[in-house]
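Undergrad: Just to be clear, the model below is a prediction. Sequence and coordinates:
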Amino acid sequence: MFERATTIFTTPPLATLQRPSFTSAMNSLTPLSSLRVSKHLIPASSRAPNTSVQHKPVLIYHSAFPSPSSAAAIEAHLRHIGVVVPQWRFTMYDTSHYHSTTHEVLCVSHGRARLCLGGEDNPGKVEPLVEAGDVLVLPAGVAHRLLQDLDGGFQMVGSYPTGKEWDMCYGGPEEEDKSERIMALSWFEKDPIYGNNGPVLDNTC
């Protein structure tokens, strides 16, 4: 049984507190006009609904943040945009799982990894290589797992829409169907990285 990644928000003494500049982080983002985005609709598998419920694609923003970008700088930027709240710094679990209570935004802060999206037994699965600076937007219901940490120390900033709590679903036979819960979730009204404009607001795939 997996436990949640340890949350990382501690408050140092005020005199030593250094706030990352969200202005500089915003200015150093890859411009939308040159951002490369991968979009994937993944069919349901025997263990996960994937994108079959809301029909929102998995989005990968390639090199959205400059590399290197510290986890602290990424978190400061996410808080400034205000769409999602950073909750942890960790790798990705190597057991396939999904969330039924929230969409998820994963910003790679260190390293490279090969992931599996959609479930190992799914002919429609996607196995992208992601690296520092990339952003993944995973709609609720999409199974995901780490296949290979390519350099060691792969780390992401995990974030969720304001007010949402994440659950862990493994698609076991004892789990109730989560489709209605996923269908009831609202989609993003702003892009979690770019704000008023951005790939998450594009209805085409």
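TA: Arrived safely. Residues are numbered from 1 along each chain as shown.
Undergrad: which stretches of this protein form helices?
TA: All helices of the chain, identified by DSSP state H, fall at 22-27, 71-81, 179-183.
Undergrad: In CSV, list those helices along with mean pLDDT and distance to Pro199.
TA: Quick note: C-beta positions are derived from backbone N, CA and C, even for glycine. Below are those laid out as CSV (pLDDT from 0 to 100; distance: least, CB to CB, whole Å):
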stretch, mean pLDDT, distance to Pro199
helix 22-27, 53, 16
helix 71-81, 97, 14
helix 179-183, 95, 21
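Undergrad: Any idea which of these gets closest to Thr162?
TA: Among these, the nearest to Thr162 by CB to CB is helix 71-81 (10.3 Å).
Undergrad: Looks like Glu175 contacts Arg181 (just checking).
TA: No - using CB atoms under 8 Å, Glu175 makes no contact with Arg181, being 11.4 Å away.
Undergrad: Please identify which of the two sits among more neighbours.
TA: Between Glu175 and Arg181, counting by other CB atoms under 10 Å, Arg181 is the more crowded of the two (16 against 11).
Undergrad: show me the contacts for that one.
TA: Counting by CB atoms under 8 Å, 6 or more residues apart in numbering, Arg181 makes contact with 100-101.
Undergrad: Distance check, it against Thr51.
TA: Applying CB to CB, to the nearest Å, the value for Arg181 to Thr51 is 15 Å.
Undergrad: same check, this time on Asp151
TA: 29 Å.
Undergrad: Nearest residue to Ser109 in space, ignoring adjacent ones along the chain?
TA: Ala71 (4.2 Å; CB to CB, 6 or more residues apart in numbering).
Undergrad: all strands for the protein, in order.
TA: For the chain, the strands defined by DSSP state E cover 36-40, 58-62, 84-90, 104-110, 112-117, 129-131, 135-138, 144-149, 155-161.
Undergrad: ok, residues contacting the second one?
TA: In this case it means strand 58-62. Residues outside strand 58-62 that contact it (CB under 8 Å, 6+ apart): 30, 35-42, 51, 117, 126, 128, 130, 133-139, 142, 193, 199-200.
Undergrad: Perfect, that will be all.
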